[in-house]
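> Fold the stuff below for me.
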Amino acid sequence: MDFKKKTQRAAVGYTIDKILKYIEKNPQENLVKLADKVQGIAGNIFPSKNFEMLRQGAKDPENVWTKLALSIIRDVDKNIIKNMFLALGLGAAYNGTKAVRDNREKNKCNIPWVILLDPTSACNLKCKGCWSSEYGHQQNLSYDELESIVNQGVEMGTHFYMFTGGEPLIRKKDIIKLCENHPDCAFLAYTNATLIDQALCDEVKRIGNLSFAISIEGTKQSNDARRGEGSYERTMQAIELLKKNKCLFGISVCYTRENVDAVTSEEFIDLMIEKGVKFAWYFNYMPVGQGSVEELIPTPAQREHMYNWIREMRNSKTGKPMFIIDFQDDGEYVGGCIAGGRNYFHINSAGDIEPCVFIHYSDSNIRTHTLIQALQNPLFQAYWHNQPFNDNHLRPCPMLENPDCLRSIIAQTGAKSTDLLAPEDVDTLCSRCDKFAREWAPEAMRIWNSRQHPSPKTQYYRDTPEGKKKSEELTKKTS
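Numbers count the residues shown, from 1 in each chain. Purely as a prediction, here's the structure:
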């Protein structure tokens, strides 16, 4: 971090300290004034209408987002609130967004807003339908490699890093060190929570820029059916410890054909809110790897249920005070597939740079390529040139909903399988998705055509001068 950014960070940090003390005096009343302060710091990064909506919501004590904001102020350690705002607000949104956009223009490729990385392939659980449980404990990224990834990422404008795995907290000492060395970045660990203890909570409060997404799937019965006997009890114990220590945490939920009802029940959501959960990442089950089970893919009817349920949960009047995202059913808000570096990519524990945490193919490795080189190599260029893979953003994925797209990309680029056990042929992988893709397509079209959709501020390759020129040339050749 250069002197200018350190000075900027100190000034904003001082302001945040004052704001937090001010809000504590009368949280409900002063939330409205907080919107003014945040808008002053954020400048024109976000539309002014967003802040007006924030102000209007803050005036209503029954507004779901007001309840969530007040619960964060009440339940989360002030040092964590401050440092997460500095990392996500100042680092990622204010400084990072501009750098990401500039680097997209400069390097003629996607530049991610967030990078997912696996510090280790090791895991102490063996969850049904999870490829990581099959990988064994053979692969690790060294600390120097983790440091290099973040340094390169920050140069590109990327200030948000998510640890996946394996169980990333097997490397918790290195994770804490990385967070400490990069206070301008936010970090999140997807974890089964079995390694969370008081010492880790103390470190998290000290550094302030690490949060957790706890893996849990509904009731004790539905959770332990996938994660093993006793997993639910251990997870709930960790959640109680995080809440007691005022750490920032959410949940990570893989929804399958078997557990959709459990993970969307009012009882489950209310319990999670009571236990201090502030956010939830929902993931559609993907049939990846040798141990995958095609029959766990949610049915089209269940996907439609998820689409409607997510919107009900986020409704400011009828929803729940927990921020929920479903990466499959929220495609309309981000312009479809966000992988391939468009908003994120994944680095596995062997150093392979993959377009998506679920798509295990690569033509680059951190030990032989820089991150920019990977983004400019054929696999990631194919993502950049072909996104969105479907103009119906309820069908965003090149694998699950558009399997012929992934078949074509791998055939054209020659990208190799990075499965850590045995190479997986792309036709074998995509064949597990063909049936769902066929069945979901007409339902997705019906839903898409039945309502209006947001127009996200996004740019595809086809919108660039180069992309438009190529499109015009292709039109002339075919006319």
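
> Identify the residues contacting whichever strand or helix holds Ile149?
Following DSSP states H and E, one finds Ile149 within helix 143-156. Defining contact as C-beta atoms under 8 Å, 6 or more residues apart in numbering, one finds that helix 143-156 is touched by 99-100, 103, 111-112, 115, 117, 119, 141, 159, 161, 174, 177-178, 181-182, 184-185, 347, 351, 366-367, 370-372. For glycine as for every other residue, the C-beta is placed from the backbone atoms N, C-alpha and C.

> Quick check: buried residues in stretch 256-263?
Thr256, Glu258, Asn259, Val260, Ala262, Val263 (16 or more other C-beta atoms under 10 Å).

> Of the residues you listed, just say which sits nearest to Thr299.
In terms of C-beta to C-beta, no member of the buried residues of stretch 256-263 lies closer to Thr299 than Val260, at 8.7 Å.

> I'd like the distance between Ser215 and Asp102.
As for Ser215, its distance to Asp102 is 36 Å (criterion: C-beta to C-beta, to the nearest Å).

> Listing request: residues of this structure with sub-threshold pLDDT.
By pLDDT under 70, the weakly predicted segments of the chain are 28-29, 32-58, 124-137, 218-220, 222-228, 478-479.

> Domain parsing of it, as residue ranges.
With domains defined by automatic domain parsing, the chain comprises 3-93, 111-385.

> so of the ones you listed, which one's packed in deepest?
Taking mean count of other C-beta atoms under 10 Å as the contact definition, the stretch among those with the greatest mean neighbour count is domain 111-385, which reaches a mean of 20.

> that older thread, for Ala422, find the nearest of the domains of the chain.
The minimum distance between Ala422 and the domains of the chain falls on domain 111-385, with 6.5 Å, by C-beta to C-beta.

> how about the helices in the stretch 251-400 of the chain?
Residue ranges of the helices in the stretch 251-400 of the chain, as given by DSSP state H, counting those that start in this stretch, are 260-263, 266-274, 300-313, 331-334, 371-376, 378-386.

> Over to the stretch 51-200 of the chain?
So, for the stretch 51-200 of the chain - with DSSP H, counting those that start in this stretch - the helices run 64-75, 78-84, 97-107, 143-156, 172-181, 198-207.

> Extract the C-alpha trace of stretch 4-21 and format it as CSV.
Taking only C-alpha atoms (Å, rounded to 0.1, in the frame of the first residue of the first chain), the coordinates of stretch 4-21 have been written out as CSV:
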residue,chain,number,x,y,z
LYS,A,4,-1.3,8.1,-0.7
LYS,A,5,-3.5,5.1,0.0
LYS,A,6,-2.2,4.8,3.6
THR,A,7,-3.1,8.4,4.2
GLN,A,8,-6.5,7.9,2.6
ARG,A,9,-7.1,4.9,4.7
ALA,A,10,-6.2,6.7,7.9
ALA,A,11,-8.5,9.6,7.1
VAL,A,12,-11.5,7.3,6.3
GLY,A,13,-10.7,5.1,9.3
TYR,A,14,-10.9,8.1,11.6
THR,A,15,-14.2,9.1,10.1
ILE,A,16,-15.6,5.6,10.5
ASP,A,17,-14.6,5.6,14.2
LYS,A,18,-16.5,8.8,14.7
ILE,A,19,-19.5,7.5,12.8
LEU,A,20,-19.7,4.3,14.8
LYS,A,21,-19.5,6.1,18.1
